[in-house]
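Visitor: from the sequence below, what's the structure:
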Amino acid sequence: MGKTTTQSPLVVWAWISTWMFLNIGITLLNKAIFRFMDCRFPVLLTCVHCLCSGGLATLLKFLFPDKFPRKKLSKKGNKLMLWFSLLFASNIAVGNSSLAQISVSLTQTIRATTPVFAVVMSFFILKKNMNPRAKPALVILIVGMIIACYGEMNANGWGMFFAIFGVILSALKAVMAHKFLAGEYKLHPIDLVSRMGLYSLVWLFPYSLITESKKVLVLSATENAGLAWRMIFTSGVIAFFLNISNFIVNQQTSPVTLTVCGNLKQLLTIILSVFIFQNVITWVNGFGILITLVGAGIYSYYEVNRKLTELMLKENNLLEKVPLEDIDRIDLMEEGQLHDIEDELTETAPIVNITKSKND
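Guide: Have a look, this model is predicted:
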């Protein structure tokens with residue numbers, strides 16, 4: 001995505017700060033809802049998220065139809081969208097279920113291993129090979145997660161199962177979303193959120209009605225019911241604005257900036273959760289968290305570098321001429337790494353233009 005922005009640096013960093021604040025805030029707020037308000041209905045919370053996100057996105061499309069157009073889908077596309085909404089809904093519901101049962105620090109650590117599952121999904125679904133230089137980072141991620149889980153004091157079996165299953169669903173959702181946003185359908189993100197949010201209610205609300213009605217009635221009879229419901233709907237509105245800010249940050253910044261901020265967000269979420277919820281982190285748990293975050297940073301470095309390299313080559317009409325293994329050898333984040341490739345392609349194209357694009 002490496003788009004340059006016409007906005008001032010102050011505006012750009014304001015959006016980045018907003019995105020990080022909302023991301024951290026919704027995680028901590030949801031945990032507070034489960035822990036302090038004793039709300040034991042994660043699926044209904046997911047319904048509220050979907051209702052707010054889908055409803056407000058639909059309102060945006062209605063108010064600004066030219067800016068957020070609704071694309072007409074074929075019968076096959078609508079059917080695929082319905083099944084994708086099941087995946088979308090399951091991902092959020094499973095994530096909320098894990099957050100209700102295990103600590104925020106362990107949840108964020110497990111979520112940091114998403115690249116491991118994304119690589120597998122991309123290989124089988126999109127037929128995309130991973131960057132060989134990033135393979136060691138995936139090993140580090142797995143080892144870090146195992147150590148963190150082993151040292152977790154507040155873990156339980158179901159909570160960890162939901163967390164890991166949620167990561168798998170998240171990776172699959174990201175791969176499938178690529179089909180709708182950049183594949184044959186090319187939907188506007190707001191259009192996709194609108195469809196996903198409302199379609200997901202078809203799957204989630206009946207299940208919540210059957211399994212969580214008694215828990216909702218119990219909460220409604222308590223003196224904290226009003227505060228609890230205000231917190232739940234606040235979480236839903238935050239979910240919508242988080243989606244909006246995520247799109248804007250993607251448009252206004254480079255992949256490197258977004259990746260670094262993402263890793264920083266995970267670290268800040270873990271630190272704040274320790275102070276707010278008084279989670280006990282042993283040295284084993286802390287060591288595992290550190291290893292996982294380091295692995296996530298290394299993986300992100302190489303994956304961002306590959307995307308930037310492919311973009312530069314594509315701009316110079318050289319992408320088809322450079323073997324995949326050579327693309328992975330180029331390091332745009334370090335000067336002087338293009339010389340070997342330049343020598344190999346001197347007779348076919350002026351690769352020197354790549355370095356000019358980088359410095360512009």
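
Visitor: what about Glu184, which SS state?
Guide: State at Glu184, reduced to three classes by DSSP: H, G, I helix; E, B strand; the rest coil: coil.

Visitor: what's the neighbour count on it?
Guide: Counted with other C-beta atoms under 10 Å, the neighbours of Glu184 add up to 8. The C-beta positions use only the backbone N, C-alpha and C, and glycine is treated the same way.

Visitor: can you check the one 4 residues further on too?
Guide: The local packing of His188 (other C-beta under 10 Å) involves 17 other residues.

Visitor: again, but for Ala221
Guide: Neighbour tally, Ala221, other C-beta under 10 Å: 8.

Visitor: gap between it and Lys215?
Guide: Distance, Ala221 to Lys215, by C-beta to C-beta, to the nearest Å: 11 Å.

Visitor: again with Asn96
Guide: Taking C-beta to C-beta, one finds Asn96 at 14 Å from Lys215.

Visitor: the more surrounded of those two?
Guide: Neighbour count, other C-beta under 10 Å: between Asn96 and Lys215, Asn96 has more, with 23 against 15.

Visitor: correct me, but that one touches Thr46?
Guide: Yes. The criterion here is C-beta atoms under 8 Å, and Asn96 meets it with Thr46 at 5.4 Å.

Visitor: low-confidence ranges in this structure?
Guide: Low-confidence segments of the chain (pLDDT under 70): 1-9, 122, 125-131, 150-155, 178, 182-183, 247, 250-263, 307, 310-360.

Visitor: any idea which helix is longest in it?
Guide: Longest helix of the chain, by residue count under DSSP state H: helix 283-315.

Visitor: same for that one, what does it pack against?
Guide: helix 104-111, helix 114-121, helix 135-150, helix 255-277, helix 324-329, helix 352-359 (3 or more C-beta pairs under 8 Å, 6 or more residues apart in numbering; DSSP states H and E).

Visitor: name the nearest residue to Val116, sequence neighbours excluded.
Guide: Nearest residue to Val116, sequence neighbours excluded (C-beta to C-beta, 6 or more residues apart in numbering): Leu138, at 5.1 Å.

Visitor: what does Leu29 give?
Guide: Leu29 sits nearest to Ser235 (C-beta to C-beta, 6+ apart), 5.2 Å away.

Visitor: ditto for Met20
Guide: Lys265 (5.0 Å).

Visitor: pull the number of nearby residues for that neighbour.
Guide: Neighbour count of Lys265, defined by other C-beta under 10 Å: 18.

Visitor: can you pull the contacts of it?
Guide: 20, 23-24 (C-beta atoms under 8 Å, 6 or more residues apart in numbering).

Visitor: just those: which are in helices?
Guide: 20, 23-24.

Visitor: could you check how far Thr309 is from Leu44?
Guide: For Thr309, the distance to Leu44 (C-beta to C-beta) stands at 45 Å.

Visitor: re the thing from before, hmm, the residue nearest to Leu29 is touching Leu44, no?
Guide: No. Applying C-beta under 8 Å, one finds Ser235 not in contact with Leu44, separated by 11.5 Å.

Visitor: my read is Leu73 is in a strand, agree?
Guide: No. Under three-state DSSP, Leu73 sits outside any strand and is assigned coil.

Visitor: contacting residues for it?
Guide: Counted by C-beta under 8 Å, 6+ apart, Leu73 has contacts 81, 185.

Visitor: please apply the same query to the one 4 residues further on.
Guide: By C-beta under 8 Å, 6+ apart, the contact list for Gly77 reads Tyr185.

Visitor: and the helices in the stretch 101-250 of the chain?
Guide: 104-111, 114-121, 135-150, 157-181, 189-211, 213-220, 225-252 (DSSP state H, counting those that start in this stretch).

Visitor: for Gly54, find the nearest of those.
Guide: For those, the distance to Gly54 is smallest for helix 189-211, at 2.1 Å, taking C-beta to C-beta.

Visitor: just say which of the helices of the stretch 101-250 of the chain is most tucked in.
Guide: Sort these by mean neighbour count, taking mean count of other C-beta atoms under 10 Å, and helix 104-111 sits at the top with a mean of 25.

Visitor: next, the angle helix 157-181 makes with that one.
Guide: 50 degrees (axes from the mean of the first three to the mean of the last three C-alpha atoms, to 10 degrees).

Visitor: now helix 104-111 and helix 135-150, what's the angle there?
Guide: Using the same axes, to 10 degrees: helix 104-111 against helix 135-150 is 150 degrees.

Visitor: tell me what helix 104-111 is packed against?
Guide: In terms of contacts (3+ C-beta pairs under 8 Å, 6+ apart), helix 104-111 is packed against helix 9-35, helix 75-99, helix 135-150, helix 157-181, helix 255-277, helix 283-315.

Visitor: the same query, at a cut-off of 7 Å, please.
Guide: helix 9-35, helix 135-150, helix 157-181, helix 255-277, helix 283-315 (3 or more C-beta pairs under 7 Å, 6 or more residues apart in numbering; DSSP states H and E).

Visitor: can you list those helices in JSON lines and add distance to Leu192?
Guide: Below are those laid out as JSON lines (distance: least, C-beta to C-beta, whole Å):
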{"stretch": "helix 9-35", "distance to Leu192": "18"}
{"stretch": "helix 135-150", "distance to Leu192": "28"}
{"stretch": "helix 157-181", "distance to Leu192": "6"}
{"stretch": "helix 255-277", "distance to Leu192": "19"}
{"stretch": "helix 283-315", "distance to Leu192": "21"}
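
Visitor: for Ser103, find the nearest of those helices.
Guide: helix 255-277 (6.8 Å).

Visitor: correct me, but Lys266 touches Ala112?
Guide: Not Lys; residue 266 is Gln. Yes. Using C-beta atoms under 7 Å, Gln266 is in contact with Ala112, at 5.8 Å.
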